[in-house]
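Trainee: fold the stuff below for me.
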Amino acid sequence: MSRPDPSPEFADDLLFAVALTLADGIGPKLQSALLAEFGSARQVLAQPLEALLRVRGIGAKTANSLIDPTLMDQARQILEQCRQLSIDVLPQTHAEYPRRLPEICDAPSILYRKGVLLPQDELAIAIVGSRRCTAYGRRHAERLSAGLSRAGFTIVSGLARGIDAAAHRAALQAGGRTLAVLASGVRDIYPPEHKELAEEIAQQGALLSEMPIDQRPLPGLFPQRNRIISGLCLGVIVIEATRNSGALYTARHAMEQGREVFALPGQVDSIASEGCHDLIRDGVTLVRGVDDVLSALGPLPMPTSPNSAVTIHSPRELVLNPLESQVLNLISTQPIYIDELLREAAIETSRVLATLTVLEMRRLIRRLPGNQFVRHD
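Mentor: This is a model prediction of the structure:
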């Protein structure tokens with residue numbers, strides 16, 4: 001059966017990538033299997049029925065959906081709607097696709113985005129927990145989110161009721177950035193009472209989803225999207241999770257992805273915190289405040305542009321301006337002479353000297369005899 005030619009209005013690869021996600025029964029694992037077998041979405045959709053049926057996990061219904069010629073028309077319609085609604089569609093090859101996500105198993109082939117992603121969003125922490133949180137859980141979610149926001153982190157969560165919403169709101173109120181990863185499409189917000197919150201997030205961060213923009217929220221999609229929440233982040237903080245809480249899926253994904261996992265303890269007899277207590281018993285980091293998170297993460301790569309980053313060794317470095325960060329990153333635990341420092345900096349001498357004075361005053365570096373400099377202990 002012949003397929004329509006790709007529309008000239010959209011990049012061919014993007015059309016094929018979106019079309020692949022629209023086939024019946026195609027989730028992240030099957031997408032990964034098909035792409036591994038055939039190399040690209042274009043090649044997957046060009047295969048005959050017999051070849052598709054040979055891929056493990058592909059049944060007759062899914063294979064027939066993959067050869068449906070209307071998939072390309074559906075993809076065009078979705079991309080046109082996205083253009084009208086100012087929703088970006090990011091394939092993995094896009095320059096603004098989050099750099100950490102391709103590291104994870106079954107990374108989304110497509111991300112729908114409403115809002116903006118910045119290089120600094122690579123320095124992100126997820127805060128997740130119960131939808132039916134207590135006042136204790138909400139208070140600590142707000143405290144941790146606001147503190148981490150002020151320290152320069154982007155807060156990631158799932159826009160759900162309870163802990164998620166508290167974390168998003170606290171980040172916004174602290175003037176920080178926050179990302180909401182949805183299990184449904186980004187056009188129709190779920191839960192509906194969070195529509196205004198979602199609009200604020202889109203102005204001070206982004207709404208993200210791997211699902212087509214009109215996807216309704218279905219129970220099975222929430223655990224699936226949790227791998228994206230953890231995959232975007234350096235670590236995940238769990239606040240108030242019962243033993244059957246969906247937040248524990250996020251923690252398990254984080255462990256599998258090599259991310260740090262933190263848990264806030266509750267009262268010893270609190271059913272609301274049983275999942276957190278189990279995590280702590282099993283060895284995840286107990287978190288009491290922002291310092292516990294920063295200490296566990298250690299030196300952090302802080303992106304300064306899409307292709308460059310500086311390393312943050314101390315939380316105090318997060319308040320430095322770009323020049324101060326640049327000079328500081330030329331100084332290590334091994335002494336460096338001022339002449340060598342000036343050569344490597346390639347910046348006007350007077351500006352480097354003034355910056356060194358600031359760094360000394362902030363106790364980030366020490367001046368040694370012989371006009372040498374070293375990182376402060």
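
Trainee: every contact and neighbour count from this point should use C-alpha atoms.
Mentor: Fine.

Trainee: give me the most central residue, the chain.
Mentor: Nearest to the centroid of the C-alpha atoms of the chain, with distances taken as CA atoms, centre = their mean, sits L232, at 2.2 Å.

Trainee: pull the contacting residues for S32.
Mentor: D106 (CA atoms under 8 Å, 6 or more residues apart in numbering).

Trainee: give the buried residues for the one helix or strand it maps to.
Mentor: Per DSSP states H and E: S32 is located in helix 28-38. Buried residues in helix 28-38, counted by 16 or more other CA atoms under 10 Å: P28, L30, Q31, S32, A33, L34, L35, F38.

Trainee: give the residue spans of the protein that score low on pLDDT.
Mentor: 1-9, 299-316, 318-319, 377 (pLDDT under 70).

Trainee: run a quick neighbour tally on F373.
Mentor: Applying other CA atoms under 10 Å, we find 23 residues neighbouring F373.

Trainee: my bad, A254
Mentor: Counted with other CA under 10 Å, A254 comes out at 26.

Trainee: that one is in contact with V236, isn't it?
Mentor: Yes: counting by CA atoms under 8 Å, A254 touches V236, with 6.9 Å between them.

Trainee: mutual contacts of the two, please.
Mentor: S230, E260, V261.

Trainee: in CSV, list those along with neighbour count.
Mentor: Output for the shared contacts of A254 and V236, formatted as CSV (neighbours: other CA atoms under 10 Å):
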residue, neighbour count
S230, 35
E260, 20
V261, 28
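
Trainee: now, these that are in helices?
Mentor: Assigned to helices by DSSP state H, the following of the shared contacts of A254 and V236 qualify: S230.

Trainee: need the strands for the stretch 1-150 of the chain, in chain order.
Mentor: For the stretch 1-150 of the chain, applying DSSP state E, counting those that start in this stretch gives strands covering 88-91, 110-115, 124-129.

Trainee: by contact count, what packs against the second one?
Mentor: What it means is strand 110-115. strand 88-91, helix 195-203, strand 205-209 (3 or more CA pairs under 8 Å, 6 or more residues apart in numbering; DSSP states H and E).

Trainee: starting from the first one, tell me which strands it pairs with and how they run.
Mentor: It refers to strand 88-91. Here strand 88-91 is paired, per DSSP bridges, with strand 110-115 (antiparallel).

Trainee: run through who's touching the partner strand.
Mentor: Counting by CA under 8 Å, 6+ apart, 17-18, 86-92, 97, 186, 201-213 sit against strand 110-115.
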